[in-house]
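1. Quick one, fold the following:
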Amino acid sequence: MRLQFRHHKTCGCDSHKPDSVAGRLFASVFFLFFGGMGLLFEVFLVREVVSAIHRRNWSVVSCRILESSVRQESNSESPYRFAVKYEYQVNGATYQSTRYQFKDSGSGDYAKMQKLADRYQTGLQTQCYVNPTNPSQAILEQDSLGIACFILIPTVFVIVGAGGIYGTWFYKPKPKTQKFALPEAKGKTGKSQWGLLLFGFVFFAAGSGFSYIFLIRPMLDIVRARTWIETPCTILSGQVLSHDSDDGTTYSIDILYEYVVDDKEYRSNRYDFMSGSSSGYQGKREVVDKYLKLKNTICYVNPESPGDAVLNRDLTWKYAIGLFPLIFVAVGLAVMIGAVIGMKRRAAKESIGGWKPQTAFTSSHQSGYQQHYGQREDKIALKPQKHPIAMLLFPLLFCGFWNGLLSFFVYEVFSGFKTGRPDWCLTLFMIPFVLVGIGTVVWVIYQFLALFNPRFEIAIQPASLCLGGNGQLQWTVHGRAGRIRKLVLTLTAREEVVNTDGEGSSTHRKLFYEKELLSTTLRHEMKTGQVHFAIPQRTMHSFETEHNKIIWAINVKADIPLWPDVKQEYQFFVGPQPVV
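-> Below is the predicted model of the structure:
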C-alpha cells in the first residue's frame, strides 16, 4: 500500500477575486486609483531628483554676502528662516539673490538657522551656483539627493495596482486540493524563506530607524546634557505650533529664549530633546504659559558649542513612546533569524535530495542520501536541531538591547522617588515594560543554565534506514548524568504543511507516528545504552517540497529537578521501501 499525502490549500486570490462584472469593474477602479496615485507620486519624486541632479551642473561663481540673519515668521509650522542676500557677477553684470537652496524652507529649530547665519556672515566672500541659462537664478548650497531613497516606495503602490488589475481579470486560481508530486531537490531555492528574510528586514529597519529618532538619539542627548552648564536666560516669546496632516492636527512647543556666553548673545528655541509633534494642546499650552510668566529662568548650554542649549533636560514619561518601535525591531529580528535558520535547514536537507521518488525504492536511489550520511556506513551520529549557544544568543541580545534602553527611564523613576518628587505617570507607564525586561532576564538565566545540561550523543544503526526496516538507537550521556530524574526517548514522524492564502501563510504540524523507545528512572540505564526499533512499513518516507515535508526524528527528554530540562530533537532520513 502506498500512502498519498495531500495538501489542501485555499488560494487567497480565488477567495478575494470578484466574480461579477460589476465587482471586477469596482476592483479595477480601486486598483487603478491606488496605482495611479503611486505613479503620480513616483513621477513627482523622479522629477525632483532629476532637477536636483541638473542643478549640480550650474556654474560655480564667486559671491559676497550682503545680509545674513534669522527671521521669525508668525502663524507658521516652521517659524524660523535663514534670511540671506548675496551679490555675484556673470559676464560683467551684477546680480543679487536671496535663495539659500532651491527648495528653501523654514525650520522649527532656531539654532539650526542661526548656525547657517553664523556660517554665512555679512561680508563673507564665498561661492554660489548660478543657472547658466538664466543668471538671475542662484543658490548658495545644493539640495540634498536624499529624496532619491524614497523613489521605491510609490513603486510598491504601482506594482500592487497593476497586479490587482491583472489578477481581477486574468488570474485563474489553481484547484483548491492539490496532490504534491516530489520534484527534484536539486536547484531548489526556498523563495518563501527569502520573502520572510525581506519582510523581517523591513520590520527591523523601520523599527531601528524610529527607535533611533524617538529613543536612542534623545537618550544620548539627555546623557550628554547632564554635563552642560546652567546659564541664566531670558524668555523672548512662546507659542504652541500647530501641524496639520492627514491624521489630524498635532502640536509642538516653541519657546524662544536668549542667553549670554563669553559676552556673546545666543538664541535658541529648543525646549527638550524630543523631536516632532504630538497630540495634546492643553498640556503644551500650560508649559508655554509657565515659561512666559517666568521671563527669567535657567537653560543648559553645551560648553563645546554655545549655540546648543535646552530648557528641559529631564527624562519625562513622553520619551517612553520611543519604546514602541522596539516591538518592530524584535519582530523583524526574530523573523530574520527564523528565515536564516530555515535556509540552513533547507540547504542541509536538499543535500539529501537527488533521488526521484517512484513507487518503489531501488539501489540507484540510495546515492542521494548517501551524500549526507556517508557511503552505507554501519552507524551515523545525529546532531541536535537546536544548539544551546544558539538558544542563548537571541535572548541575550534582546535582553541587553531592551534593558539597556529601559535603564534610562528606570533611573529617572528612581531619581524622582529619591528626591521626593516621583513622576507617577512615568512610573505607571513603565510597569509593563519593566515586567518584560524582567522576563527577558529570567529567559537569559534559564538558557544560560541550560548550557551546563548533560549532553547527549545519539547514533542510529544502520545509517541508511527505509520503510519496514529495523534499526538500533545508541546513546551516551556526557556530563552529570546523575542529575537526570527521568529519561524518555521517543521515535516520531510528522507531516508539516504550509497553507497559503491571500493574507499570508501558516504551518500546520501533524504527528502521524509516535513510539516510546525508552522511559527509565534508573541511572545506569540513562548513562549509556541501546534500544532496537522498527520503521513501520505502512507509513511515509522522508521528503520535502515547498509546501509539504515529512520529518522522522528521535526526541530526547530528560527531566532534571530544579534545573532546565533537556528537550532536543535529532532528525534522520528514512527512505522508501527498497525493491529487491
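
2. For the longest helix anywhere in the chain, buried residues please.
-> Longest helix in the chain by number of residues, with DSSP state H as the criterion: helix 21-55. By neighbour count on 16 or more other Cβ atoms under 10 Å, the buried set for helix 21-55 is 27-28, 31, 34-35, 38-39, 41-42, 45, 48-49, 52, 55. For glycine as for every other residue, the C-beta is placed from the backbone atoms N, C-alpha and C.

3. to the chain's geometric centre, what's the distance from it?
-> Centroid separation for helix 21-55 versus its chain: 27 Å, with Cα atoms, centre = their mean, to the nearest Å.

4. Same check on stretch 225-242?
-> The answer for stretch 225-242 is 36 Å, by Cα atoms, centre = their mean.

5. Dump that stretch to PDB, restricted to CA.
-> Presented in PDB, the C-alpha positions along stretch 225-242 are these (Å, rounded to 0.1, in the frame of the first residue of the first chain):
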ATOM      1  CA  ALA A 225      23.300  67.400  28.500                       C
ATOM      2  CA  ARG A 226      24.000  66.200  32.100                       C
ATOM      3  CA  THR A 227      27.400  67.900  31.700                       C
ATOM      4  CA  TRP A 228      26.000  71.100  30.100                       C
ATOM      5  CA  ILE A 229      26.400  74.400  32.100                       C
ATOM      6  CA  GLU A 230      23.400  76.000  33.800                       C
ATOM      7  CA  THR A 231      23.100  79.500  32.300                       C
ATOM      8  CA  PRO A 232      20.600  82.300  33.000                       C
ATOM      9  CA  CYS A 233      18.300  83.000  30.100                       C
ATOM     10  CA  THR A 234      15.500  85.400  29.200                       C
ATOM     11  CA  ILE A 235      12.300  84.200  27.600                       C
ATOM     12  CA  LEU A 236      11.600  86.300  24.500                       C
ATOM     13  CA  SER A 237       8.400  84.600  23.100                       C
ATOM     14  CA  GLY A 238       6.400  81.500  23.400                       C
ATOM     15  CA  GLN A 239       3.700  79.700  21.400                       C
ATOM     16  CA  VAL A 240       2.200  76.300  20.600                       C
ATOM     17  CA  LEU A 241       2.700  75.500  17.000                       C
ATOM     18  CA  SER A 242       0.000  73.600  15.100                       C
END
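
6. same question for it, mean pLDDT?
-> Mean per-residue pLDDT for stretch 225-242: 91.

7. cool, stretch 286-303 as well?
-> Averaging pLDDT along stretch 286-303 gives 91.

8. C-alpha coordinates for it, CSV please?
-> Output of stretch 286-303 as CSV, limited to C-alpha atoms (Å, rounded to 0.1, in the frame of the first residue of the first chain):
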residue,chain,number,x,y,z
GLU,A,286,0.5,75.1,30.1
VAL,A,287,4.2,74.6,29.6
VAL,A,288,4.4,77.7,27.4
ASP,A,289,2.4,79.8,29.8
LYS,A,290,4.6,78.7,32.7
TYR,A,291,7.8,79.9,31.0
LEU,A,292,6.1,83.2,29.7
LYS,A,293,5.3,84.0,33.4
LEU,A,294,8.9,83.3,34.5
LYS,A,295,10.6,85.6,32.0
ASN,A,296,14.0,84.8,33.5
THR,A,297,14.9,81.2,34.1
ILE,A,298,17.7,78.6,33.6
CYS,A,299,18.8,76.9,30.4
TYR,A,300,21.6,74.4,29.9
VAL,A,301,24.3,75.3,27.4
ASN,A,302,26.8,73.0,25.7
PRO,A,303,30.2,74.3,26.7
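
9. ok, residue 267 - contacts?
-> 70, 110, 111, 114, 236, 256, 257, 258, 259 (Cβ atoms under 8 Å, 6 or more residues apart in numbering).

10. low-scoring pLDDT stretches of the stretch 401-550 of the chain, where are they?
-> Residue ranges of the stretch 401-550 of the chain with pLDDT under 70: 501-505.

11. Check the stretch 1-150 of the chain too.
-> 1-19, 75.

12. where along the stretch 451-580 of the chain do the helices fall?
-> 523-527 (DSSP state H, counting those that start in this stretch).

13. out of the contacts of residue 267, who has the most neighbours?
-> The most crowded member of the contacts of residue 267, judged by other Cβ atoms under 10 Å, is residue 257 (25 neighbours).

14. That one is in contact with residue 269, isn't it?
-> Yes - if you go by Cβ atoms under 8 Å, residue 257 and residue 269 touch, sitting 7.3 Å apart.

15. Domain boundaries for the protein, per the record?
-> Domain ranges of the chain: 57-141, 231-274+281-312, per automatic domain parsing.

16. Distance to residue 388 for the ones you listed - can I get that in CSV?
-> Formatted as CSV, the domains of the chain follow (distance: least, Cβ to Cβ, whole Å):
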stretch, distance to residue 388
domain 57-141, 50
domain 231-274+281-312, 41
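
17. So for residue 167, which of the ones you listed sits nearest?
-> domain 231-274+281-312 (28.0 Å; Cβ to Cβ).

18. what about residue 138, distance to residue 46?
-> Here the criterion is Cβ to Cβ, to the nearest Å. By it, residue 138 lies 25 Å from residue 46.

19. try residue 476
-> As judged by Cβ to Cβ, residue 476 and residue 46 stand 66 Å apart.

20. Run through the bridge partners of residue 475.
-> Here residue 475 sits in beta bridges with residue 458, residue 529, as judged by DSSP bridges.

21. can you count the residues close to it?
-> 23.

22. Using a markdown table, please lay out the contacts of residue 267 together with secondary structure.
-> Putting the contacts of residue 267 into a markdown table (DSSP: H, G, I helix; E, B strand; the rest coil) gives the following:
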| residue | secondary structure |
| --- | --- |
| 70 | strand |
| 110 | helix |
| 111 | helix |
| 114 | helix |
| 236 | strand |
| 256 | strand |
| 257 | strand |
| 258 | strand |
| 259 | strand |
